[in-house]
Every structure is written in structure tokens, then in C-alpha cells.
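Participant: Need a 3D model of the sequence below.
(2 chains)
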Amino acid sequence: MNLRLIYLYRNLTRNVRRTLLTCAAVGLPIMIYVLSMSVVHGVDKFLENSAKQLRIVVTQKTSIVNPLPQGHRRKIEALDPTQQRLTAVCGVQWIGGQRANDPTPLSLMAADHDSFIPAMPEYQLTPSEIEAWQKDRQAIIVGSGPAGQMGWKVGDRISIVPTLPPYRAMEFHVVSTAPDAPDNQSIFFRKDFLDEELKKDGFPEGLVSFFFVKCASKKDLDDFRQLIDTTFAGSLDETRSLDEKTFMNEFIAQQFDLPRNLAILSGLTVFVAIMAAMNTMSMNFRDRIAEMATLKSLGFSGGFAFSLIQTESLLLCSLGGLIGAMVPFILFTFTPAKDFQVPLIVTLVVEMSTCLKALGIAVFIGVVAGLWPSWLAMRMHVVRALRNLE
Amino acid sequence: MALPLTYNWRNLFVRKLSTSLTFAVVTIIVAVLSILLSFAAGINESLRSTGNPANIIVLRTGATAESTSIINQAEANRVLQAPNIAQDANGRAMVSQELCAQTTLPRKDVRGIANVAVRGVDDIAFILHKEVRLTEGRMFEPGKLEVIVGKAAQERYQHLGMGEVVPMGRSGDREYKVVGVFESNGSAMESEIWAARTNIMDSFRRQFVSSVVVQVKDASLAREAVGYIQGPAVRLKAKTETEYYEDLTSKTREIVILTSVLITLMGIGAVFAVANTMYAAVDSRRREIAMLRTIGFLRRSIITAFVLESLFICMSACLCGLVVAALVSGMIAKQDFLSDTTWTVLAYDLKMTPWTIGVALALAASVGVIGGLAPALRASRTRIIEALRKA
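Facilitator: Below is the predicted model:
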């Protein structure tokens, strides 16, 4: 056993250059894998929360851009007067925005302040934050993404210029940066404040981009999703209701389908790593045919030769995988890179579980890469191999 | 004296497995690079070819796109006073009021929906946007519920065939008949549906327009008109069309950045893979190299030979990768994306531009040279006596 360990160590250090090159050739694809999958997981986590929250999103039937009248809220609420099955209906108007002299787009939305808290429990506001939100008309909840980017803190007075009416700078008071919200990009302020500002400038008020309808159970979600659309069928403002996950997915799929395409890409990189590692192992084997033959002629079994090459391949790839997985993990956990934003979707979080999975893939690459040479070594005909040597 | 090329060529086939594995690595990387770049090139092309530098697009101050802009009639009229406005053959001012609405249509190829832009225009719009021309059918008649559809939109979304009916309007109950198809040199407008402005205003119950497009007599006069419109007389936001569509390409910049990061990482990985193979090639041929040196080949020739060998692998893999990329891009050519500025879909075709191909060739060449150089130098430094004696 000891002999084998020494032998393995010697093999890996025999051609240090080759070992390092292979580690790099395996490590880099693993790094790409880790980065891509981290984005995919970020999106998944976001979607999972959407599913878990049991919310219906009600939009205008012809297009998400067309507004619905605010009055729909009462009609939806009336579908369940007990409020046991539909627990909250929150109207939200997307207005988007930018800071003055800064083109970074902000996902600014106005929400019904009275139903926002029960409809969006995942924001986990503290009692004092809730109190501030209820009391202050200019209250705003800034997602941790933009809050970090712009350096906004609770208690700050901030100014945002919406891209929709009233089209002029609006002043807000930050009451929370919602550090625990799965959606860290959105910014919510109170709709009564928006309507008041719209009225001042003579713009139409009381419009809603979509309603979030919080349901008590999965069954309620399915029942009411259809019931809402039937209720408004034939009216001037027909609706299209979806569960929140489907709604979000429709958006993401139209934004270059980032999750799907990154998954394809990471699959390809794993493939590249397999080929790179396979190349090294076959070269190693070719260089050591004589040695293998000698070992076998000394009485070491074919299984020994097989396991020797397999373990070497495994070690080599795991080492590369370890480096490839740890670099992004450290980079995006402990350095300033951790605030990096994937456009529109998530803050990039490299999770330990992704890294472990990548390491597992590196081990798999090691097994696959070593398979052919170790098979050859096991089946090698000693006499023929020795005879062929120069 | 240089070594004959057949020497390198034949050597590639001595180590078939190594050569083909390295070949495959470079092929995949080149293919991925080219496809990613084709995405960026396709989007850029569709947005760049939109817009005439003499056309000024006027939006509400604060709005970032036509779809979020609201301009009322009084404001639209003030734009008419801007200086240097061109006139058409009938002496009309070249000012086009346009209304941007949206309608959701099912996609043709995959499941899902698309938020398609609907543009309500007057007949003067076709003089301002002269690149828009009918390729099939006829123009819509004002007053009738008729539309003409962009070619890119027709290719991607349902209900847009000639003679088909598209439900539109605020309640989705106005049925517009498709009477024509238009092209506009592959610009962003080809992703849209066009109809008479009065009809669209009525169907979508909008009492305003989204944008006013003004054509000045000459592109060089655009600055003055922009200044007037943004000034106290009108107080609206004005940009030349070229600038407006340039701004929409910010999305491409994100893809290009992402692509560059990934490609740099993959490229470095490829360099290592190639270097590894070439080192092995050098190591196994020490005697041969010593022999070549003995019979009078210079170090320089040995270096050239090994770098050439590495280039052989990389460049042939590059060609193969480009072919793969062309096939794949061909299969998935018809793309679109939901712009986060306009909230409508912008169609584009994946394009393998000369630039894409150039970048791919450059990547493969540098991988070949960088990956081959160190091993080649090592080969050239082979100690002749020792290498020969060892055997």
C-alpha cells in the first residue's frame, strides 16, 4: 500500500510540467462550470421562491405593458370575502427609473402599501421597518442589489427619476434594504405616493401593471387563477393570470434564456475537460508502457495496473477540479467581486454546494479520462509490450 | 533551410489519439466562441441598421424608450416649430407622430409568448422611414382594421401570415387583418406590426402619441433641431435615431463582456491542452530532433517546424469549429430578445460576420503559437550528443 502511494506521488511529480498543464486544462473548464452553474442556481432559487410564495400574477390580457384599473383589486378580493383562501391582493405599477445622471436602470415599482407586507412575506421586514413603511408616504424598500451598488442605507433620502409618468425626480426615504429577499433587484415604494404625484402633474392615476394575489394553498392558487380570468372575461380590461413562477419564467426565457444557454455551455466545458485529461493520461500511459510491462512481469496483477492509472487520473483531475472550484468560491465570497451583478437577474453567489458538485464532476472526469489507458494497462500483453521496446 | 511541411503533417498522424483530442478541444472552443459572437453581431446589426442620422426621435423627458413615453397633442404640435425640418414633395413638414402599443402573440417555433410592438403611423411615416418598403401585399387602408407586418415578426410569431387576423386593442377584441409584409433592411422595425395611427389610438384607447419623429434637411443640421426641442420652447427629449438605437445595443455590450470572460478562460485552457500535447510530441521525438540537428537543420527550423505543427492542429480545428458554428447558427438563426428598455421583442438573425471569423482565426492562431512555442524552444535546445547516446 505504501509502495503504491509513493509510486503515485512519483508519477505525478515525474513530469511536473505535464501535471500542472493538465491541472490547468481541467481546472479552467471547471471554473467556467462553477460560474455558469452559479448563475443558473441563482435564477432557480429566485424561481423556487416564486413557486413557494403561492402567488398569482394578474396582468392585462393583451400585453403586460398595458395597465389594469386599480378597481380590479376590490373585485378580486370579493371573490373570497372570508380572506381565508385569498389572503392578500397587492397592486403593483412598474415605472422603472434611473438616478439623475446615471444610466443604470432601476426596477422601480409602486405597490399598495396596505397589502404589500402580507402579500410579500419573504421580504421579512422587521416590525420597526413595517411601521416606517406604513407611516411614511415616501417610504421605499430598496433591494440589496441596487442598495449595495448605489451605497443606499436605511434612513437615507434618495432621489430617483422614473421612466414613466411623472417623469421627474421623486424623493424617497429608505426604510429597508431587504437583505433576506430572494429578489434583490426590485425597489418598491408606496402607490398612494405615486398617485398623489401623478395627480399634481395631471397624469392619469390609479393604474396597475399587475396584481400579486397571495393564496393560502396550491389548490386555491389553481382555482382562483382561472376564476379571476373568467370574472373579467368580456369586460373592457380582460386579465391573464399566471402563477408567479410561470410569469417570471416567461420573462427570463425571453432574456436570452440565460439559464438554459449557460447549462449547455457548462456541459460543453466539462466535455472539453474530459478530452484534455484523457489526452494526458494516454500520453502518460504511452510513456510508461515499459514500466507497466515490467511491473506485470514482476507479478503485479492487471488489477493493480488498472487501479494505478485510475488513481493517478483521479488525483490529477481532482486537484485541477479543486483549484477550479475554489478560485471562484473564494473570489465571490471574500473579495469585492462578491457584489458582482448578473444583469437583471441575480447577484452572483458561488455556493459551496455548486463547488462540491464541480469537484464531483472533476472526479468523474478523472475516471472517464483514465478508463481507456487503464484498461489497456490491465489487458496488456507483457511479452509483446516488452518486445516492442527499443 | 526549413523542414518540409510533410514532415509535420505526417507527424500529426503518429499520435492519432492525442492529435484528435486536442483537435476536438480547439474545435469546441472555436465553435462556442463563434456562436456567442454571432449573437452579439446579430443584435448589433439589427439595431445599427435602424435609424437615419437625419431623423430625430422626440420622447417625453425622462422616458428611455418609445414604449414608456407619453406625448400629448399640444406638445407634439410644439415640435413642428423646430428649425431645419425637411419637407416632402407636397410641401408637408416631415414630422411623423407615432404611437407605440404592444400585443402579446404566441411564438411559432417554441412554446411561449412574445410582446410584439405595434406602431400606429400616418402615411408620412413611410416618407421619413424610407427604408420601410412593402415586399408582399398592399398598404393598410386608414379607417379599416388592417395591418402590415415586419418580415422578422412574421417569421417568428403566429397570426401574422397574409390574410390572417391579429387580435389587438386594449381588450384584445379588435381583429386586424394582415394585408401586407414589409422589410426595412433588417432593422429593428422589422420586428413590429404597423397600422394606421388613428385606428391604433382608438383600439388601445390612447389619447396621446409615444414619439414624434422629425426629419431635418441634412444630418449636420440635426444638432440645432435637437437643441431647440430640448430647450425651453418644447421641453421634450430628442435624440437622433442613430443615437437612440445605439443606446438600445447596451444589451449587446453585456453579452460581449460575458463572452470575452468565458472565451479568455476557455482560450487559456486550450493553450494548456495544446502545450501539453506538443510537449509530449517533442519528448517522444528527441532522437529524431537530434538527428535533424546532426544533418544540419538549424535550431530556427526546428522551432518553426514544431510551431507549425501546433498551428496545423489549431487552424484545421478552427475551420472545423467555424463549420460547426455556421451549421448551429443556421439552425437557430431566428432569435429575438425582450429588451428591458422597450419591453418589446427585438428580432435578430445570428450572423457569422467576417469579424466573427477573424476573431475565431486569431484565437486559434494564438492558441497554436502560444501552445507550441515553449515545446518548440525545448526541442531546439535538445542536446544532440545526449539524445543520440540515450538510444
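
Participant: drop to CA atoms for contacts and neighbour counts, all remaining ones
Facilitator: OK.

Participant: State the helix or strand in which B:Arg119 lies.
Facilitator: B:Arg119 is located in strand B:113-121, with elements delineated by DSSP states H and E.

Participant: Mean confidence (pLDDT) on the helix or strand just after that strand, please.
Facilitator: Sequence-wise, the next helix or strand beyond strand B:113-121 is helix B:125-128, with elements assigned using DSSP H and E. In this model, helix B:125-128 has an average pLDDT of 93.

Participant: What residues sit buried inside helix B:125-128?
Facilitator: By neighbour count, with 16 or more other CA atoms under 10 Å in any protein chain shown as the criterion, the buried positions of helix B:125-128 are B:125, B:127-128.

Participant: do the same with stretch B:348-368
Facilitator: Judged by neighbour count using 16+ other CA under 10 Å, the buried positions of stretch B:348-368 are B:348-352, B:356-357, B:359-361, B:363-368.

Participant: Report the lowest-confidence entry in those residues.
Facilitator: The member of the buried residues of stretch B:348-368 with the lowest model confidence is B:Lys351, at 84 (criterion: pLDDT).

Participant: Which secondary structure state is assigned to the closest residue to chain A within the stretch 151-300 of chain B?
Facilitator: Nearest to chain A, among the residues of the stretch 151-300 of chain B, is B:Gly269, at 4.7 Å (CA to the nearest CA). For B:Gly269, the secondary structure call by DSSP: H, G, I helix; E, B strand; the rest coil comes out as helix.

Participant: What is the burial count for the closest residue in space to it that isn't next to it in sequence?
Facilitator: Spatially, and ignoring its direct neighbours in sequence, B:Gly269 is nearest to A:Ala25 (4.7 Å; CA to CA, 6 or more residues apart in numbering or on different chains). The tally of other residues near A:Ala25 (other CA atoms under 10 Å in any protein chain shown) stands at 33.

Participant: which stretch of helix or strand covers A:Ala25?
Facilitator: If you go by DSSP H and E, A:Ala25 is part of helix A:16-52.

Participant: Now do that helix, average pLDDT.
Facilitator: Helix A:16-52 carries an average pLDDT of 88.

Participant: cool, and stretch B:77-89?
Facilitator: Stretch B:77-89 carries an average pLDDT of 91.

Participant: That one: end-to-end distance?
Facilitator: Distance between the two ends of stretch B:77-89: 21 Å, counting by CA to CA, to the nearest Å.

Participant: Which parts of it count as buried, going by neighbours?
Facilitator: For stretch B:77-89, burial by neighbour count (16+ other CA under 10 Å) applies to B:79-80, B:82-86.

Participant: Which members of those residues additionally contact chain A?
Facilitator: Checked against chain A using CA under 8 Å from any CA of the partner chain, the buried residues of stretch B:77-89 give no members in range.

Participant: could the residues you listed go into JSON lines alongside secondary structure and distance to B:Ser49?
Facilitator: Converted to JSON lines, these look like this (DSSP: H, G, I helix; E, B strand; the rest coil; distance: CA to CA, whole Å):
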{"residue": "B:Val79", "secondary structure": "helix", "distance to B:Ser49": "26"}
{"residue": "B:Leu80", "secondary structure": "coil", "distance to B:Ser49": "27"}
{"residue": "B:Ala82", "secondary structure": "coil", "distance to B:Ser49": "26"}
{"residue": "B:Pro83", "secondary structure": "coil", "distance to B:Ser49": "26"}
{"residue": "B:Asn84", "secondary structure": "coil", "distance to B:Ser49": "24"}
{"residue": "B:Ile85", "secondary structure": "strand", "distance to B:Ser49": "23"}
{"residue": "B:Ala86", "secondary structure": "coil", "distance to B:Ser49": "22"}
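
Participant: circling back: which elements pack onto the strand holding B:Arg119?
Facilitator: Of the remaining helices and strands, those touching strand B:113-121 by 3 or more CA pairs under 8 Å, 6 or more residues apart in numbering or on different chains; DSSP states H and E are strand B:95-106, strand B:193-196, helix B:197-203, strand B:345-349.

Participant: just the strands in chain B please.
Facilitator: B:55-59, B:95-106, B:113-121, B:133-137, B:146-150, B:165-168, B:174-183, B:193-196, B:211-215, B:237-240, B:334-338, B:345-349 (DSSP state E).

Participant: Could you do the stretch 151-300 of chain A as well?
Facilitator: If DSSP state E, counting those that start in this stretch is used as the criterion, the strands of the stretch 151-300 of chain A fall at A:157-162, A:170-176, A:186-190, A:207-208, A:210-215, A:239-243.
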